[in-house]
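Trainee: coords please:
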Amino acid sequence: NSNSESKKIKYQLSFKNINNNEFDALFTGDISKGNTNTISFGPSFINLPGFSWELSSNSSIIVSDFKNINFSNFTLSSKDQLIELSGGFSNYFKLYFDLKNVDLEFVNYFRKKDASKLSGLVNGTFWYSSIKKPIGGYFKIRDFSMNDILLGELILNAQSNDKRKYLALNGYVKPFQKPKTIELNGTVSLDSKKNMNMFLDFYGQDCNLLNPFIKSVSDTKGKIYGRANFYGPHDNYFIDGELSVKNLSFKIPYLNTSYYLKDNYNIFCKKDKISLDTVNFYDKKYNTNGKFFGKAIHSNALKKMSYDIFISSNNLYCLNTKIDHNDVYYGDVFAAGDISINGQPDNVYFNINAESKKGTKFNIPLSSATEISNDNQLKIFNSSEVISSNQKEEEKTVNQNNDFKMDFNLDLKSNAQVQIIYDEKIGDIIKG
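Mentor: Okay, the predicted model is just below:
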């Protein structure tokens, strides 16, 4: 809408229901005519999912002789976030975007919904030019996180080539008051293919970075070293490289047992496949041990992953629970046998086939989903439907929306103590 008043023209420009109602905007203000033409702004905003940006009323665009364009006090704000635009056009475009406390989650809006989730507060400058090396920037991203794992501060430099075909990136990740743990360098294409070719060097990065991809375990500790090449589409890349994890330890929440590695753990990546080296591990409480190895296949920037992990032992402390962990079965179990872990991070299947070893003390409430055959073969069919509410509440903090199923087949030997509990309050218990 427009109407003339002396040398002023009022305007209103609106965008609605853009991209399936995810985007709308409104710009209002005046255009002043004279030796220079000034576009000023009244109440104006841009709405994106989760973000509402307001344009400062001091913002203006000054046009001289239709040859020179300058942005003056042009500022977008959303709560504590600021984007200041300066520069303009004089023979060529040169624009600067100064970012202050801009939420990096804004970037997730432009990526696939199942791509890795990024977050943090961005400070820095991004520039655009219509001549040589037209795109570039320098950024400090505070509280940088990927998939809700806090990594620290990300320092990033970006510069395109002259023909604007790719963006060269280099930078590093530095946890608070500690040396840098990741260096990165490489390129990201600026064409429709959106390919990347990035090299990441790890210098003791905390392996909690892996937690979102291995939800069948928790409390992962250790330091990652090595180099990996990430290449292909940025939201569905391949990985080549060799990584080593030092001082690795982890917990299996369903069993409430923690394990530790004496040796470095090697991980080999090739395209969409990850090979997990065979390694020995132990528990610190009883010093039992076993070995495990496995493999995984990934896609969609590691958001989709399936894996097969195998564990074997001649004597392993493999259950450490009380009734408040699980009212289907609980106790202390030492066992010899095999464990396989299959599935995806949110759909895990445990299959345990083992025989009891000395020290096993097993408790079975009468209401549990358990069968004991005449040959002392104990079969526990434990799935998400029969895990107790207490266990479920505990696991929500580790595996939100996780579908967990487990078959626990235990061959009871004479070295095992088993209690079938009818009513623990009155001492109605059968021991064997």
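
Trainee: so what's the residue most central in space within the chain up against?
Mentor: Closest to where the C-alpha atoms of the chain average out (Cα atoms, centre = their mean) is residue 147, at 1.7 Å. For residue 147, the contacting residues are 116, 117, 212, by Cβ atoms under 8 Å, 6 or more residues apart in numbering. From N, CA and C alone the C-beta is placed, and that goes for glycine too.

Trainee: do the same with residue 137
Mentor: Residue 137 touches 124, 125, 126, 127, 156, 157, 158, counting by Cβ under 8 Å, 6+ apart.

Trainee: ok, back up a step: now the residue nearest to the centre of the chain, nearest residue through space, not along the chain?
Mentor: residue 212 (4.1 Å; Cβ to Cβ, 6 or more residues apart in numbering).

Trainee: cool, and residue 84?
Mentor: Nearest to residue 84 is residue 98, by Cβ to Cβ, 6+ apart, at 4.3 Å.

Trainee: now residue 286
Mentor: Using Cβ to Cβ, 6+ apart, the nearest residue to residue 286 is residue 317, at 4.8 Å.

Trainee: most neighbours, which of the contacts of residue 147?
Mentor: Using other Cβ atoms under 10 Å as the neighbour test, the contacts of residue 147 are led by residue 117, with 19 neighbours.

Trainee: Next one: the closest residue to that one other than its chain neighbours, what pLDDT does it get?
Mentor: Closest residue to residue 117 apart from its sequence neighbours, by Cβ to Cβ, 6+ apart: residue 147 at 5.3 Å. pLDDT, residue 147: 81.

Trainee: List phi and psi for residue 147.
Mentor: Main-chain dihedrals, residue 147, degrees, to the nearest 10: phi 50, psi 40.

Trainee: which regions of the stretch 1-150 of the chain lie under the pLDDT threshold?
Mentor: By pLDDT under 70, the weakly predicted segments of the stretch 1-150 of the chain are 1-6, 19-21, 111-112, 114-115.

Trainee: Tell me the one among the contacts of residue 147 nearest to residue 265.
Mentor: The shortest approach to residue 265 among the contacts of residue 147 belongs to residue 212, at 18.4 Å (Cβ to Cβ).

Trainee: Can I take it that that closest one is in a helix?
Mentor: Yes: under DSSP: H, G, I helix; E, B strand; the rest coil, residue 212 sits within a helix.

Trainee: May I ask you to confirm that it is in contact with residue 145?
Mentor: No: using Cβ atoms under 8 Å, residue 212 makes no contact with residue 145, being 10.7 Å away.

Trainee: ok, which stretches of the stretch 101-250 of the chain are strands?
Mentor: Applying DSSP state E, counting those that start in this stretch to the stretch 101-250 of the chain gives strands spanning 118-129, 135-146, 149-160, 166-174, 182-189, 195-206, 218-233, 238-252.

Trainee: what is the rounded mean pLDDT of the longest one?
Mentor: This points to strand 218-233. Averaging pLDDT along strand 218-233 yields 93.

Trainee: ok, now the last one?
Mentor: For strand 238-252, the mean pLDDT works out to 94.

Trainee: ok, and what's touching it?
Mentor: Strand 238-252 is contacted by residues 202, 204, 207, 216-232, 257-261, 264-272, 274, 298 when judged by Cβ under 8 Å, 6+ apart.

Trainee: so what strands line up beside that strand?
Mentor: Strand 238-252 pairs in its sheet with strand 218-233 (antiparallel), strand 257-261 (antiparallel), strand 265-270 (antiparallel), by DSSP bridges.

Trainee: centre of the chain versus the longest one, how much separation?
Mentor: Averaging C-alpha coordinates over strand 218-233 and over its chain gives two centres that are 12 Å apart (Cα atoms, centre = their mean, to the nearest Å).

Trainee: go on, the last one?
Mentor: Taking Cα atoms, centre = their mean, one finds strand 265-270 lying 20 Å from the centre of the chain it belongs to.
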